[in-house]
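Q: what would the 3D arrangement of this be:
(chains A, B and C)
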Amino acid sequence: MVRNPVRTLFAALLATLLGAAPAFGADKVKIGFITTLSGPAGGIGKDMKQSVELAVEHLGGKMAGLPIEVIFGDDQRKPDVGVQLARQMIKRDKVDFVSGIIWSNIMLAVAPVVTGEGVIMVGTNAGPHQLAGEMCNKRFFTTSWQNDSTPEAMGKHLQDLGLNDVYLIAPNYAAGKDMLTGFKRYFKGRIAAEVYTKLGQQDYQAELSQLRAKNPKAVFVFLPGGMGIQFLKQYSQAGLRGQIPLYSVYTVDELSLPAVRHAALGQFETRYWSPDLDVPANKKFVSAYKKKYGTLPSFYGAQSYDGIMLINSAVVAVKGNLKDQKGMIAAMEKANYPSTRGKYSYNVNHFPIQNYYLLKAVTGPDGPAGIPVMQIQETVFKNHKDSYYKKCKMK
Amino acid sequence: MNATLVVEQVLNGLQFGVMLFLMAAGLTLVFGIMNLVNLAHGSMYMVGAYLAVAATQWTGSYIAGIALALLGTLAVGVITEVVALRSLYERDHLDQVLATFGLILIFNELIAIVWGRAALFSDIPQALSGHIELFTNLRYPVYRLAIIVVGLLVALLLWYVVSRTRLGMLIRAGASNRTMVSALGVNIRLLYTAVFGFGAALAGLAGLMAGPIYAVQPGMGELILIQVFVVIVIGGIGSIRGALAGAVIVGMVDTMGRAFLKPLLGVLISPTAAESAGPALASMLIYLLMAVVLALRPEGLFPARGH
Amino acid sequence: MVLLVVGLALLALVPAGAAYFDQPFYVDLLRRVMIFAIAALSLNLILGYGGMVSFGHAAYLGIGGYSVAILAYYGVHNGFLQLAVAIGASALVALLIGAISIRTSGIYFIMITLAFTQMLYFLGISLEEFGGDDGMALAARSDFAGLIDLGDSTAFYYVVFVVMVVFLYLIHRIVNSRFGMVIRASKSNEARTRAIGYSPYPYRLVAFVIAGAMCGVAGFLLVNHTAYLTPDFMHWTRSGEIMFMVILGGIGTAVGPVLGAFVLLLLEDIISGMAGFVGQHWQLFIGIFLVLVVLFAKRGLAGLLPGARRDG
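A: Numbering: from 1, shown residues only, chains lettered A, B, ... in the order given. All right, here's what the predicted structure looks like:
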């Protein structure tokens, strides 16, 4: 094709003006990675971004001989910005895959846009039930989990322990309610109370006073991010740590442990992955991450690393022919790559069928005053399927 | 619902109120005297918390850490006032809102550049950890009692300064009639800088006390900022007395709402309806309170006289 | 005036240009920018001309959005009906909020409008049926009986463009009417307005309601644009952003809000996409920009344009 020089000039001008990269042919693999990089949740996004960069490094910067280009986008934790980024990546940057996304609400907004444009989406965190059920799509995969599965594992564990009078706390929003629903799906014992707190709440002293007055046998909480840090510190400061056992999901992780430290010691979490999981790919990932960035990766990072590896397995399977979307989807369905969680398979809804473990925060290498580490105690679920896949009519 | 629990929740409400008061005092003075809407006041709270963590680590002493953090926040406040805010006093509120919002972004990013985006570890000093038994069945964390005591002492000090000293007289005069104060030959610029720095240090004090309880992370100031605005608006802008009353009212209403609204609604309407309405209403409660107060008294509960 | 016409003409040509250069994304980007420009225009009516600093204008983005999404949720896709409900509901909410708020002034007005929007935000979060905090996908875009297809990117672009131009004209007419003079007079001197025989309260309330209804239209467009609704539409920082667009562009100027929306959103888009330090800490640079604009461009960006003058 002979380019009209005037047209080329204008295109270049337009591209420069609006900060666009000129689009060239499909001689590389382009991945758009959307996450939250600014604001208080920026720490999660940073962990994901670093893990993606590590994955690209481990692949030697190439997939099936094609150079990899990852375009990062900051969704600012706003669904409409996420949608805008996805459209920008697809229409302007002509990406071959979109990946990432921390929050369920952003995922629910972005995933249909991406799959609707005919592009493959690999989610690396949020797993809202709609996408596992009625909104499932052949172009949508996730390397994480369905939101309910993790609390289901904790419900199962407490059920196995035969506990009664469990006190439940979650923020008053959709994910909070889903978490408690998931927990109650497997926990059939008596529930002392079910408390919903304000989203983004800082002070839990009032709730802790109520809790103490009820004197439950155990407490189960879902308080992600800063909320979890605040709750754990205050739980410990209120002298409840050691008195009433605390179980949680998505509340204690490698990002919050450095801020909470001893106030998290003895904490139980359920999760599909842990830094000490004894799998070759995981050992490689964790040690390389620690060496490069100086801290332990979190599960957000592990999933994102897996996301790039899953995409790689698809690109390799079609020998770099990115036009062969059918072939790539078929390859991804096999989950044939060295995952940090070990071997797993994909369910009909493209959500993993995988193990869930009970983790405990124990004293780390720096002693009781240092940062605790998560340690696997036992396997709660083997090859667990999520609770929504039957609603999925895959198109 | 037993009496001990109610007493404990009253203490919780008071502690939250005191924290709000430390923030509100500076904000209301700056507004009352310089007529400046300062959205970046929450940033001073954040700076205080970060400096305390850093200084405690550096010196190895909690007391030295507090002292350095207070001085540091004072300095940051003074620099901010001199560099950016001084020229905004005569501008309308809109420009002030825009510029101080810009400052919020700048402070959050600077903190993220220096300390990263992940939350920092901040712990209660050994001497203040643990509990005391106030009376049978009521064990209360020492640290939270200490916050209440510090907050009340600061309130007392402020009352003394404002009503019994020459500086206080100038502040009161400044709040009601600015031109007169400058006509008296007072170096008004210096007074403004001092008041701003002092307000920043108070916010820093709130921040450094909040550090061990809450999460020390970029953006922590904005979580409390809106509530502080609610406090000063309810209390009446420019009035320290109003700020104290507003803070205690908001602290109590918010705490009591979270603790007792759901069971209370459960009695009035069906328990299932209360299950979903309770938490939603509890989150809205302080804004509802503010709307009601302003609808009845458009200048707040204790308006500073004259303008 | 010439600049305005040239600017609008350029905007009208965007879809053709984007198609020519095979960059359809810019149609989407500019459509979103224009939707926020509409919201900013509506705020400018009360903020710029009426001196009512509403820190809760995002409420109407939310009301407009919820009107469409809730109707669509129950299978009502008729765009005319949805638009009417969006306008009606926004106007009604604005009437309630305005009736109480306008009795206050200054910082109290700023805070009470914020308080009402916070209440609506938390209400949105607790509406479980409509997704709570997660929000919900728009079941289908508004259907205008085959007249216009909002699913068509270019057609939707021109709808937004026309709405923006019509609103520019409407606001110009309102501001220069007798009604508008009372509003403007009440901004500069409430006592004088009373003295010449007008009680400003009903006039200000009507202006407040008109602005709310106009922003409701922006909400209607925004939810059709993102095809997704969350309570985040009503977050207080969103109200702040709309306000900044107005101030940035130049308050009380006809094109200021449009200019502000374009500069702020495009700047955000460009520097947040940059690599390295700037991209990582892009909010630092937005912050510095905001402070500099306030300190050195006292009348906003519109004040920097050649031949700039206050409208009316």
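Q: contacts only, for residue A:335.
A: A:310, A:313, A:343-346, A:352 (CB atoms under 8 Å, 6 or more residues apart in numbering or on different chains). No exception for glycine: its C-beta is placed from N, CA and C like everyone else's.
Q: quick one: which of the residues you listed has the most company?
A: residue A:352 (27 neighbours; other CB atoms under 10 Å in any protein chain shown).
Q: in the chain, which ranges drop under the pLDDT threshold?
A: Defaulting to chain A. A:1-26, A:395 (pLDDT under 70).
Q: oops, I was thinking of chain C
A: C:1, C:189-196, C:306-312.
Q: so of the contacts of residue A:335, which ones are in strands?
A: A:345-346, A:352 (DSSP state E).
Q: if we take these, which one ends up nearest to chain B?
A: Nearest to chain B among the ones in strands among the contacts of residue A:335 is residue A:352, at 27.1 Å by CB to the nearest CB.
Q: I'd like the distance between that closest one and residue A:345.
A: Taking CB to CB, to the nearest Å as the measure, residue A:352 falls 7 Å from residue A:345.
Q: pull up the residues of the stretch 201-312 of chain C that are close to chain B.
A: Residues of the stretch 201-312 of chain C lying close to chain B by CB under 8 Å from any CB of the partner chain are C:236, C:240, C:243-244, C:247-248, C:251, C:281, C:283-284, C:286-291, C:293-295, C:298.
Q: one step back: any chance of the ones in strands among the contacts of residue A:335 in a markdown table, plus distance to residue B:153?
A: Below are the ones in strands among the contacts of residue A:335 laid out as a markdown table (distance: CB to CB, whole Å):
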| residue | distance to residue B:153 |
| --- | --- |
| A:345 | 63 |
| A:346 | 62 |
| A:352 | 56 |
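Q: show me which of the residues you listed neighbour chain C.
A: Near chain C, by the rule CB under 8 Å from any CB, you find none of these.
Q: whichever strand or helix holds residue B:278 and chain A in contact?
A: Assigned by DSSP states H and E, residue B:278 belongs to helix B:271-296. Yes. Shown here: helix B:271-296 in contact with chain A (CB under 8 Å from any CB) through B:275, B:278-280, B:282-283.
Q: residues of that helix that come out buried?
A: B:274, B:276-291, B:293-294 (16 or more other CB atoms under 10 Å in any protein chain shown).
Q: so which elements touch it?
A: When contacts are defined as 3 or more CB pairs under 8 Å, 6 or more residues apart in numbering or on different chains; DSSP states H and E, helix B:271-296 packs onto strand A:191-197, helix B:220-235, helix B:240-268, helix C:79-101, helix C:106-126.
Q: what angle sits between that helix and helix B:220-235?
A: Angle, helix B:271-296 to helix B:220-235, by axes from the mean of the first three to the mean of the last three CA atoms, to 10 degrees: 60 degrees.
Q: what's the angle from helix B:271-296 to helix B:240-268?
A: 150 degrees.
Q: helix B:271-296 versus helix C:106-126: what angle between them?
A: Using the same axes, to 10 degrees: helix B:271-296 against helix C:106-126 is 170 degrees.
Q: which of the residues of the stretch 201-312 of chain C next to chain B are buried, as a PyMOL select command?
A: Buried residues within those, by 16+ other CB under 10 Å, are selected in PyMOL with:
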select buried, chain C and resi 236+240+243+244+247+248+251+281+283+284+286+287+289+290+291+293+294+295
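Q: give me the subset of the residues of the stretch 201-312 of chain C next to chain B lying in strands.
A: Using DSSP E, none of those sit in strands.
Q: inside helices: which ones of the residues of the stretch 201-312 of chain C next to chain B?
A: C:236, C:240, C:243-244, C:247-248, C:283-284, C:286-291, C:293-295 (DSSP state H).
Q: can the helices and strands packed on helix B:271-296 go into JSON lines with extra columns for distance to residue A:210 and mean neighbour count?
A: As requested, those are arranged in JSON lines below (distance: least, CB to CB, whole Å; neighbours: other CB atoms under 10 Å in any protein chain shown):
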{"stretch": "strand A:191-197", "distance to residue A:210": "7", "mean neighbour count": "19"}
{"stretch": "helix B:220-235", "distance to residue A:210": "21", "mean neighbour count": "26"}
{"stretch": "helix B:240-268", "distance to residue A:210": "6", "mean neighbour count": "22"}
{"stretch": "helix C:79-101", "distance to residue A:210": "34", "mean neighbour count": "20"}
{"stretch": "helix C:106-126", "distance to residue A:210": "20", "mean neighbour count": "24"}
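Q: let me know the secondary structure of residue A:40.
A: Per DSSP: H, G, I helix; E, B strand; the rest coil, the secondary structure class of residue A:40 is coil.
Q: that one: what's it in contact with?
A: A:225-226, B:117, B:217-220.
Q: so which of the residues you listed is the closest to residue B:91?
A: residue B:219 (26.2 Å; CB to CB).
Q: what number of residues lie near that closest one?
A: 23.
Q: let me see the ranges of the helices in the stretch 101-250 of chain C.
A: C:106-126, C:153-175, C:178-188, C:190-195, C:200-226, C:236-249 (DSSP state H, counting those that start in this stretch).
Q: got the ones you listed as JSON lines, with distance to residue A:377 columns?
A: Converted to JSON lines, those look like this (distance: least, CB to CB, whole Å):
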{"stretch": "helix C:106-126", "distance to residue A:377": "35"}
{"stretch": "helix C:153-175", "distance to residue A:377": "53"}
{"stretch": "helix C:178-188", "distance to residue A:377": "67"}
{"stretch": "helix C:190-195", "distance to residue A:377": "69"}
{"stretch": "helix C:200-226", "distance to residue A:377": "43"}
{"stretch": "helix C:236-249", "distance to residue A:377": "42"}
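Q: quick one, which of the ones you listed is nearest to chain A?
A: Between the helices of the stretch 101-250 of chain C, helix C:200-226 lies closest to chain A; by CB to the nearest CB that is 4.4 Å.
Q: for the residue nearest to the spatial centre of chain C, give me its contacts.
A: For chain C, residue C:39 is the residue whose C-alpha lies nearest the centre (CA atoms, centre = their mean; 0.8 Å). Going by CB under 8 Å, 6+ apart, residue C:39 touches C:57-58, C:60-61, C:215, C:218-219, C:222, C:242, C:245, C:261.
Q: which residue is the nearest non-sequential neighbour of it?
A: residue C:218 (4.0 Å; CB to CB, 6 or more residues apart in numbering or on different chains).
Q: now residue A:205
A: Nearest to residue A:205 is residue B:12, by CB to CB, 6+ apart, at 4.5 Å.
Q: just residue C:57 next, same as before
A: Using CB to CB, 6+ apart, the closest residue to residue C:57 is residue C:43 (4.7 Å).
Q: helix or strand right after the one helix or strand the one you found maps to?
A: Assigned by DSSP H and E, residue C:43 belongs to helix C:25-44. Next along the chain after helix C:25-44, taking DSSP H and E as the criterion, comes helix C:58-73.
Q: in that next one, what's buried?
A: C:58-73.
Q: could I have stretch C:7-23 exported to PDB, CA atoms only?
A: The C-alpha coordinates for stretch C:7-23 follow below in PDB (Å, rounded to 0.1, in the frame of the first residue of the first chain):
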ATOM      1  CA  GLY C   7     -14.200  25.000  17.300                       C
ATOM      2  CA  LEU C   8     -17.700  23.600  16.900                       C
ATOM      3  CA  ALA C   9     -17.100  23.100  13.100                       C
ATOM      4  CA  LEU C  10     -14.000  21.200  13.900                       C
ATOM      5  CA  LEU C  11     -15.900  19.000  16.400                       C
ATOM      6  CA  ALA C  12     -18.500  18.400  13.900                       C
ATOM      7  CA  LEU C  13     -15.900  17.000  11.500                       C
ATOM      8  CA  VAL C  14     -14.300  14.700  14.100                       C
ATOM      9  CA  PRO C  15     -16.100  11.400  13.100                       C
ATOM     10  CA  ALA C  16     -15.200  12.000   9.400                       C
ATOM     11  CA  GLY C  17     -11.600  12.700  10.300                       C
ATOM     12  CA  ALA C  18     -11.400   9.700  12.600                       C
ATOM     13  CA  ALA C  19     -12.800   7.400   9.900                       C
ATOM     14  CA  TYR C  20     -10.400   8.800   7.400                       C
ATOM     15  CA  PHE C  21      -7.400   8.100   9.600                       C
ATOM     16  CA  ASP C  22      -8.800   4.800  10.800                       C
ATOM     17  CA  GLN C  23      -8.800   6.000  14.400                       C
END
